[in-house]
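1. With the sequence up front, the predicted model follows.
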Amino acid sequence: MCENDAHEVAAIVEDGATIPLNRPGTVVVYRRDKGVWVKDREMDFKVDPTKGLGEMRSKVGELLKFMEPCKIFVARSASGALFYELEKAQFNVWEIPGKPDTFLEQVWSENEKDRNEAATPLTAAVPVPLESTPGNFFISIKETQGKRPELSSKQILQSFIRKGKFATLEIVCDHAPPWIEMESRTVGFKIETARLGLNEVHLKLIKING
């Protein structure tokens, strides 16, 4: 688990919204100051794929130095060599579309919960999704976190999703966890999302070609 004592989140943006990591854009580091997110620093970032791996690593090195001590990065999508360079540098990389002010607090809170998880052993078993019909599972994160607020969505779902031993997984939550789309796609699932109310979302993970 990464450290982020600086309370910072970086994002690559264009016209105020996140863009894919491999597109030229502006990397902005946002800092949480007394509960309010402010833009702290920014730099243009562009990697020319025709100039080879050495050029890419040089650019990434400049970017990592610029973002220090931030260890959280958000892009609309992230894959390929740039993504793996960030992972290698122990960044938590999130895929989130939209304007940073709509997700910074959520991303930071999720990371804080994960840090607390690493620092504090859990005193009770973590609830897992229940099988409603063969191969089909359900869990209400909203209800679970209402009873166990110390648990993050990652603690409850990540291990279950990574195992991938289900056809569908339905989740009710107050917001879609920012990490879940990339995690699900990695193990061969797509996600359908439906809003149930102002603070309630229904997610359905469906095994591709399952």
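-> That came through, no problem.
2. show me what contacts the closest residue to residue 162 other than its chain neighbours?
-> Once flanking residues are discounted, residue 162 sits nearest to residue 187: 6.0 Å by Cβ to Cβ, 6 or more residues apart in numbering. Yep, even glycine has a C-beta here, placed from its N, CA and C like the rest. Going by Cβ atoms under 8 Å, 6 or more residues apart in numbering, residue 187 touches 161-162, 164.
3. Most neighbours among these, please name it.
-> Neighbour counts for those, by other Cβ atoms under 10 Å, peak at residue 161, which reaches 21 neighbours.
4. just to confirm, which helix or strand has residue 204 in it?
-> Using DSSP states H and E, the element containing residue 204 is strand 200-207.
5. gap between that strand and the chain center?
-> On the basis of Cα atoms, centre = their mean, to the nearest Å, strand 200-207 sits 16 Å off its chain's mean C-alpha point.
6. That strand pairs with which strands, parallel or anti?
-> strand 168-173 (antiparallel), strand 189-197 (antiparallel) (DSSP bridges).
7. the strands in the chain, which residues?
-> Using DSSP state E, the strands of the chain run over 8-14, 17-18, 25-33, 36-45, 72-75, 92-95, 130-133, 136-140, 168-173, 189-197, 200-207.
8. isn't residue 91 right up against residue 69?
-> No - under the criterion of Cβ atoms under 8 Å, residue 91 is not in contact with residue 69, lying 11.4 Å apart.
9. Which one of those two is surrounded by more residues?
-> The residue with more neighbours, out of residue 91 and residue 69, is residue 91; 20 against 11, by other Cβ under 10 Å.
10. count of neighbours near residue 36?
-> 8.
11. Could you number the chain from 464 rather than 1 from now on?
-> Sure, I'll start numbering at 464, so the last one becomes residue 499.
12. What residues of the lowest-mean-pLDDT helix or strand in the chain count as buried?
-> Lowest by mean pLDDT, DSSP states H and E among the helices and strands of the chain is helix 567-582, with a mean of 80. Under the neighbour-count criterion of 16 or more other Cβ atoms under 10 Å, helix 567-582 has 567, 569-571, 573-574, 576-578, 580 buried.
13. and what of stretch 509-526?
-> Buried-residue list, stretch 509-526, by 16+ other Cβ under 10 Å: 510, 519, 522-523, 526.
14. what's the average pLDDT for it?
-> Here stretch 509-526 scores 87 as its mean pLDDT.
15. check contacts around residue 644.
-> By Cβ under 8 Å, 6+ apart, the contact list for residue 644 reads 558, 654.
16. on that earlier part again, and among the strands paired with strand 663-670, the most buried is which?
-> Comparing these by mean neighbour count (mean count of other Cβ atoms under 10 Å), strand 631-636 comes out on top with a mean of 20.
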